Structures are given as structure tokens and as C-alpha cells.
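S.K.: Sharing a model prediction with you, sequence too.
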Amino acid sequence: MFGLVLLVVIALVVVWAIASYNRLIGMGNQVLNGWRQIDVQLKRRHDLIPNLVNAVRGSMDFERDTLTAVMDARAKALTATGPTDAAQKEGQLSQALGRLLAVAENYPTLKSNDNVRMLQEELSATENKVGFARQFYNDIATKFNTAQQVFPTNLFASVLGFKPAELFEVTEEADREVPMVDLSRKAPTA
């Protein structure tokens, strides 16, 4: 009788171990898929940037440094590996793009150019998609990491080669600052 109970307990442990392993494999694949979704959106962003730079280049002759900074940041972002590196390099690219778009506001011909406006809208939509993809990735990566850390799965997860997934984090202190918005209407001084 004791032997039968022992066999049932061993069988249950084996079934549980297989189910846990398969669940971790499935979650790991979801993490990889989440990363690939970010990668797709970043590629779209990287493809739009040269078009935007070329569209504004002729009108912004005096802003060569700004255009060069955007293209240099893009080149660095293309070499990013992993979420931490990508977050840092994409943050630098976002800052350079922000400067470009801010400078472009000073050029009336650019503000009225349909091609530039369309590229800015596409870039803005892509930025939103990147944000959503990062959020999805962080959500699934957190679930994957939690599944590896809870008892009793944590007893064998690392032994079987499972490693925690990196999360996207804000790496630049400037990105953590709350933007100042002044919506008050001040009377013009005469």
C-alpha cells in the first residue's frame, strides 16, 4: 500500500514538474514574441526617420548639427541589444527627434509641408505603438519572472536554464522629470 501511495506522489510530482516546465517555456516564448513586436515597431521608427530628415533637410540648412544628431542617434539605436541597451539608445534617439521636431516648428515652410506633417504623424503613431509594445513586453516579462521566482518552481527554474527577462526601464533622469505645462493666459505686455 505504501509503495502505491509513493508511486502516486512521484507521478504527481513528475506531472507537476512537466506542466511547470511547459508553462515556463510558453511564457519564455511570449517574452520573445513581445520583444519581436517591439523590434518591428522600432524598425518602422528607424525607417521613418531618414524620410523625415530628408524631407526637412532642404529647409533647415542652418540646422545641420540637429540633423546629424538624429542620424547618429538612429545609427546607435540600430545596434542596440536587449531591453536595457535599447531603452538607453532609443531614449537618446527620442531626445534627438524631439529637438528636431522642436526646431522644425521654427520653419513656417516645414509646418505647412504636407509630407513633413504626414511623416510627423506617422512617427507619432509609431511612438505610441512602441510604447504599447514595451508595456506588453514588460507585462509578460514580469509574469515570466514571477513564475520563475515563486515556490516551488524556483527550485528548478534556474537549474533548467531559465533566466529572468530584462525589463524596459527609464534610464535617463531627465525622462523621469514631470514636464511643466502652463495653460494660463497671460495678457501681452505693451
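M.R.: Right, received. Where do you want to start?
S.K.: ok, and what's touching stretch 129-146?
M.R.: Under the contact criterion Cβ atoms under 8 Å, 6 or more residues apart in numbering, stretch 129-146 has outside partners 24, 27-28, 30-31, 34-35, 37-38, 40-42, 44-45, 83, 90, 164-168. Yep, even glycine has a C-beta here, placed from its N, CA and C like the rest.
S.K.: Let's see the PyMOL selection covering just the buried ones among the residues you listed.
M.R.: Filtering the contacts of stretch 129-146 down to the buried ones (16 or more other Cβ atoms under 10 Å) takes a single PyMOL command:
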select buried, resi 24+27+28+30+31+34+35+37+38+41+42+45+83+90+165+166+168
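S.K.: In helices, which of the contacts of stretch 129-146 fall?
M.R.: 24, 27-28, 30-31, 34-35, 37-38, 40-42, 44-45, 83, 90 (DSSP state H).
S.K.: what does stretch 68-76 contact?
M.R.: Taking Cβ under 8 Å, 6+ apart as the rule, stretch 68-76 contacts 46, 49-50, 53, 89, 92-93, 95-97, 99-100.
S.K.: how about JSON lines for those, with secondary structure and distance to Ser59 added?
M.R.: Formatted as JSON lines, those follow (DSSP: H, G, I helix; E, B strand; the rest coil; distance: Cβ to Cβ, whole Å):
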{"residue": "His46", "secondary structure": "helix", "distance to Ser59": "23"}
{"residue": "Ile49", "secondary structure": "helix", "distance to Ser59": "17"}
{"residue": "Pro50", "secondary structure": "helix", "distance to Ser59": "16"}
{"residue": "Val53", "secondary structure": "helix", "distance to Ser59": "12"}
{"residue": "Lys89", "secondary structure": "helix", "distance to Ser59": "28"}
{"residue": "Gln92", "secondary structure": "helix", "distance to Ser59": "25"}
{"residue": "Leu93", "secondary structure": "helix", "distance to Ser59": "22"}
{"residue": "Gln95", "secondary structure": "helix", "distance to Ser59": "22"}
{"residue": "Ala96", "secondary structure": "helix", "distance to Ser59": "18"}
{"residue": "Leu97", "secondary structure": "helix", "distance to Ser59": "17"}
{"residue": "Arg99", "secondary structure": "helix", "distance to Ser59": "16"}
{"residue": "Leu100", "secondary structure": "helix", "distance to Ser59": "12"}
